[in-house]
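Q: Here is the input, now give the coordinates:
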Amino acid sequence: MLELAILGFLYEAPLHGYVLRRRIAALTGHVRPVAESTLYPAIKRLEKAGLLVRATEPGAVAAPRHVLRLTEEGRRELRRRLAEPGRREITDENQWFVLLAFLRHLADPAAQTAVLNRRLAFLEEPTSFFYDGDRPIRAEEVDDPFRQGILTIARATSRAELGWLRDTLASLDGA
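A: Coordinates of the predicted model:
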């Protein structure tokens, strides 16, 4: 998730590490705070893999700052990751949101459609947070108001996303 976010934001523009960290925090910070101790090792891994480069620019007031830029290989890698997401990037809501934030960089509508269809298929599978044996339990079947809340909120969120997915897929098919 972190590497995808780094590649995605740098695909849009070269950034200083601090700005990159702020943008990633805005996208994922409500779920996982972005600490320097995780961001900078990820940047180093991507740099070592040849996916990004670091250039030094003079600072406006203080010491020189590092600007991060994607290489052409980094741009290809982002597009590959967008076109071929792993199962967790489709099924985990937080990873899905990061993928979705950059899916526009996958210029081929057929490739975008394929990714959205995978998410649609996942959401259409019957599921729940609670089960009676193998049968998913619905909110109306639960006496506990807190579990009922979880199920009600999840159903509303899923319905909203299903509606958006279907509308977006229809517009991509029409394009």
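Q: thinking residue 147 is in contact with residue 128, fair?
A: No - the pair residue 147 / residue 128 is not scored as a contact, 9.9 Å apart, by C-beta atoms under 8 Å. In short, each C-beta sits where N, CA and C put it, glycine included.
Q: now the helices for the chain?
A: Using DSSP state H, the helices of the chain run over residues 2-12, 17-28, 36-48, 72-83, 87-91, 93-102, 109-124, 145-174.
Q: Out of those helices, flag the one nearest residue 57.
A: Ranking these by proximity to residue 57 (C-beta to C-beta) places helix 17-28 first, at 11.8 Å.
Q: List the buried residues in the closest one.
A: Residues of helix 17-28 classed as buried by neighbour count (16 or more other C-beta atoms under 10 Å): 17, 20, 21, 23, 24, 25, 27, 28.
Q: so the fifth one sits right up against residue 4, yeah?
A: No - contact criterion C-beta under 8 Å: residue 24 and residue 4 do not qualify, at 10.1 Å.
Q: related to what we said a few turns ago, from the buried residues of helix 17-28, which is closest to residue 89?
A: residue 28 (13.0 Å).
Q: need the contact list for the closest one.
A: 1, 2, 5, 34, 94, 97, 98 (C-beta atoms under 8 Å, 6 or more residues apart in numbering).
Q: do you know how far the nearest residue to residue 169 once chain neighbours are set aside is from residue 5?
A: Counting by C-beta to C-beta, 6 or more residues apart in numbering, residue 169 lies nearest to residue 116, which is 5.5 Å off, once chain neighbours are set aside. As for residue 116, its distance to residue 5 is 19 Å (criterion: C-beta to C-beta, to the nearest Å).
Q: rewinding a little: what about the residue nearest to residue 169, how many neighbours?
A: 19 (other C-beta atoms under 10 Å).
Q: how close does residue 24 get to residue 70?
A: Residue 24 is 15 Å from residue 70, by C-beta to C-beta.
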